[in-house]
Structure formats: structure tokens, C-alpha cells
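Participant: using only what follows, build the 3D model:
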Amino acid sequence: MEALAKDVPAPAFDDLLVLVEAMREGKESALEALYDATVSKLYGLASVIVRRGEDAEDVVCATYAHAWANAARYDQRRSSVLGWLLMLCRSRALDVLRQRRAQNALLEHVAHETVNEVSPGPDELLGLLHHESRVRAALEALSPERRELISLAFLRDLTHAQISDRTGLPLGTVKSHLRRALLQLREQLEGR
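Facilitator: Below you'll find the predicted structure:
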């Protein structure tokens, strides 16, 4: 199998099952061959969904990482290898969109709350725009995992226990990651 993965740069789609079976055995060359054979289709799908090249690349990388880690779970009775990869890619792309929506909702919430406090004049509106861009930059500085936890806690109003159940992280880890994320946001916003 290793020879097949090295000798055939882009295997026919009939050979994809053989590559997944080799991935189950830990053969990285099979993952490389699977990537070569399917990356254009996955990137095309990710690009259509997320509409940003950099995000599409991240989605594709996450898809192959998941496929590698979960090759043993692939069930050929449920879908073809390409169908499985496309489903994984779609799921990850939708995750990116959800994170993006959550970030935008948080920014809108911060801006809305600030606007409702007073009736701002032009100078205050400029200050608000500056504040919103600082909040956006502070959120972008967080790791994707911490951004997701902030979104779940403050935009979806989930309890720490609900976040733990949803993410699979231990409750103590959720609490400590949220605390660190909030401290990091505070430091970013205070200019430390």
C-alpha cells in the first residue's frame, strides 16, 4: 500500500478506500495521496461556503486532520470516501460561519449597548467605531478555542456545565479557559 501511495500521485477515486484503510494503519503517505486526489474538491466546497481563501484553507486543513485522526471510524456502507470528506469539510466550514456570526453578534451587542447608554454625537460615534475595532482585534487575538468558549458563554448564554457538555472539555478546563480568555480580552482592550 505504501508503494501505491508513493507511486501514484493522484489515485483514481476507486482507490480512495484503500488509502483510508492505509491511514487506519498510520501510513502518512496514504494521507498525502488522499490529499492530492481530493484537495481541489474540498477547497472548492470550503470556498463556496466560507467565501474567504484563508478560511477555506483552514477548513481544508482541519478536514484532513480530522480524517487522519478518525480514519478508523469511516464506514464505507454509509458513504463513499469522497462523500465522507465532503461532509467533514462542510461541517468544519459551517463551524467557521457560526464562529464568524458569533463574533459579529458580540460586536453588535457591544456597539448597541454603548449606543443605548447615551445619544452620541459625531465624536462619540468615531470613538464607538474605534472601540468596536479594538474589540474585534482583541477577539481575533484569542485562540479559536477561546473565541468559541466566549461565544458560547456570552452570546448563547450557556452555563459552564452546558459548555462542558457541548465541547467535551472538562468543567474545570472550561472555567479556566474562560477566565484566561476574559483576562486576555481585558489586557488587549486596556492596551497592556
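
Participant: can you count the residues close to residue 81?
Facilitator: Using other Cβ atoms under 10 Å, residue 81 has 23 neighbouring residues. The C-beta positions use only the backbone N, C-alpha and C, and glycine is treated the same way.

Participant: surely it meets residue 74?
Facilitator: Yes. Assessed by Cβ atoms under 8 Å, residue 81 is found in contact with residue 74 at 7.1 Å.

Participant: overlap in contacts, the two.
Facilitator: Common neighbours of residue 81 and residue 74, counting by Cβ atoms under 8 Å, 6 or more residues apart in numbering, are residue 20.

Participant: quick one: the helix or strand hosting residue 101 to chain centroid distance?
Facilitator: Following DSSP states H and E, one finds residue 101 within helix 81-117. Its chain's C-alpha centre and that of helix 81-117 lie 9 Å apart, by Cα atoms, centre = their mean, to the nearest Å.

Participant: and that helix, what's buried?
Facilitator: The neighbour-count check on helix 81-117 (16 or more other Cβ atoms under 10 Å) flags 81, 84-86, 88-90, 92-93, 96, 99, 102-103, 106-107, 110, 114 as buried.

Participant: please apply the same query to stretch 165-175.
Facilitator: For stretch 165-175, by 16+ other Cβ under 10 Å, it's 167, 169, 174.

Participant: how near is the second one to residue 177?
Facilitator: By that I understand residue 169. Using Cβ to Cβ, to the nearest Å, we find residue 169 at a distance of 7 Å from residue 177.

Participant: the first one now?
Facilitator: If you measure residue 167 against residue 177 using Cβ to Cβ, the figure is 9 Å.

Participant: need the residues touching each of these two.
Facilitator: In contact with both residue 167 and residue 177: residue 149, using Cβ under 8 Å, 6+ apart.

Participant: domain ranges for this structure?
Facilitator: As given by automatic domain parsing, the domain ranges for the chain are 2-95, 98-189.

Participant: need those in JSON lines (columns: mean pLDDT).
Facilitator: Supplementary listing: these in JSON lines, determined by pLDDT from 0 to 100:
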{"stretch": "domain 2-95", "mean pLDDT": "86"}
{"stretch": "domain 98-189", "mean pLDDT": "76"}
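
Participant: list the helices and strands the helix or strand harbouring residue 32 packs on?
Facilitator: Assignment of secondary structure by DSSP H and E places residue 32 within helix 28-50. Here helix 28-50 touches helix 2-7, helix 16-24, helix 53-69, helix 81-117, going by 3 or more Cβ pairs under 8 Å, 6 or more residues apart in numbering; DSSP states H and E.

Participant: what are the buried residues along that helix?
Facilitator: For helix 28-50, by 16+ other Cβ under 10 Å, it's 29-31, 33-35, 37-38, 42-43, 45-47, 49-50.

Participant: having no further points to raise, I will conclude here.
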